[in-house]
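In: I need the structure of the sequence given here:
(one chain, ligands or ions: 2)
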Amino acid sequence: MDAETGEITLPSSQDSNRAATNADALVISTDLDHPANRISELCRLFYTLGWVTGTGGGVSIRYGPHIYLAPSGVQKERMQPLDMFVMDYATRQYLRRPPVLKPSACTPLFLAAFTRRNAGCCIHTHSQWAVLVTLICGAGLQNPQKKGVFEIKEIEQIKGISRGGSGSDEIAEGGRKLGNLGFHDTMRIPIIDNTAHEEDLRETLEKAIEEWPETCAVLVKRHGVYVWGKDVAQAKTQAESLDYLFQLAVEMHKLGLKWVHE
Ligand SMILES: CSCCC(=O)C(=O)COP(=O)(O)O
Ligand SMILES: [Zn+2]
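Out: Ligands and ions are numbered 1, 2, ... in the order given. Sure thing, here's the model as predicted:
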């Protein structure tokens with residue numbers, strides 16, 4: 001750890017003399033879609049979008065019986081596959097723990113999306129658009145009646161959001177295929193209060209997931225957003241669509257336009 005900045009370095013990617021272990025096989029693959037490669041790649045991309053700046057934010061992938069997690073408090077855009085933690089989903093035991101590092105503090109939140117929504121990937125961003133939306137909605141500046149939710153409709157990009165909170169292949173009660181939201185549908189994302197420590201968000205995030213069965217995301221006041229999907233592609237495209245809608249909403253608010261319909 002750097003004594004001045006408190007920043008944790010990434011020993012595995014920098015220590016070329018470190019002896020390989022059997023568990024390293026869980027994170028070494030030439031397949032670019034392997035979760036250890038994909039998390040590193042996504043975090044580099046998300047850094048350019050301002051989503052994982054200053055070590056905040058992250059992403060986790062469920063891959064067969066395993067969960068892939070990034071280390072905590074590191075420069076997310078510099079991570080390498082060898083920096084990844086691997087957890088056995090059934091037992092919650094770590095099958096691979098890189099030396100010195102700690103697993104992401106978001107781990108209980110990612111697990112909430114995997115267990116309660118059968119998600120295959122969960123993305124956490126510290127996007128400023130997400131934070132601003134929580135400030136505007138939290139103060140009831142668009143509609144004082146709707147303080148605990150970000151609600152928007154009749155914007156084309158809403159069609160990028162799944163109706164059933166995770167996979168668009170899901171079937172609702174009565175056999176209706178859920179699919180994505182339509183132009184005239186209202187998208188609602190719940191907003192929960194932040195806590196001093198990321199892991200303490202678990203209870204309220206789980207409650208929001210239960211209370212809002214149609215949502216694919218939860219906003220955290222003055223903090224960011226958690227977004228999930230049935231797989232990496234859906235989680236990523238939903239995170240992109242949401243960030244677009246958050247930015248649009250903030251710009252509409254600045255122009256004095258209403259995005260909340262009465
Ligand atoms: C400046 S980041 C504070 C912690 C946080 O909100 C976050 O998302 C990052 O957590 P991690 O443990 O994955 O680094
Ligand atoms: Zn965070």
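In: Ramachandran angles for the spatially most central residue of the chain?
Out: With distances taken as Cα atoms, centre = their mean, I123 lies nearest the centre of the chain, 2.0 Å away. Backbone torsions for I123, taken as degrees, to the nearest 10, come to phi -120, psi 130.
In: ok, now the one 5 residues further on?
Out: Dihedral angles of Q128 (phi, psi; degrees, to the nearest 10) stand at phi -70, psi -30.
In: how much space between it and T53?
Out: To T53, Q128 is 9 Å away according to Cβ to Cβ, to the nearest Å. In this view, the C-beta of every residue, glycine as well, is placed from N, C-alpha and C.
In: Just after the lowest-mean-pLDDT helix or strand in the chain, pick out the following helix or strand.
Out: Counting by mean pLDDT, DSSP states H and E, the chain has its least confident helix or strand at helix 11-14, which shows a mean of 52. Following helix 11-14 in sequence order, the next helix or strand is helix 35-48 (DSSP states H and E).
In: list the buried ones in that next one?
Out: Residues of helix 35-48 classed as buried: P35, A36, N37, R38, I39, S40, L42, C43, F46, Y47 (neighbour count, 16 or more other Cβ atoms under 10 Å).
In: which residues sit in contact with the fourth one?
Out: The reference is to R38. L32, I61, V232 (Cβ atoms under 8 Å, 6 or more residues apart in numbering).
In: redo that, cut-off 6 Å
Out: V232 (Cβ atoms under 6 Å, 6 or more residues apart in numbering).
In: Same check on the fifth one?
Out: Counting by Cβ under 6 Å, 6+ apart, I39 touches V59, Y68, A70.
In: Same question for I67.
Out: M87, Y89.
In: pull the longest helix from this structure.
Out: Looking across the chain with DSSP state H, the single longest helix is helix 232-254.
In: which residues touch it?
Out: Counting by Cβ under 6 Å, 6+ apart, 38, 121, 123, 127, 129-130, 132-133, 136, 152, 157, 160-161, 216-217, 227-229, 259 sit against helix 232-254.
In: ok, now stretch 137-156?
Out: Residues contacting stretch 137-156 (Cβ under 6 Å, 6+ apart): V133, T186, M187, R188, I189, P190, I191, L219, K221, L245, W259, V260.
In: at 8 Å instead, please
Out: By Cβ under 8 Å, 6+ apart, the residues outside stretch 137-156 that reach it are 133-134, 136, 158, 183-191, 219, 221-222, 245-246, 248-249, 253, 258-262.
In: Among those, name the buried ones.
Out: Buried among the contacts of stretch 137-156 by 16+ other Cβ under 10 Å: 133-134, 136, 158, 187, 189-191, 219, 221, 245-246, 248-249, 253, 259-260.
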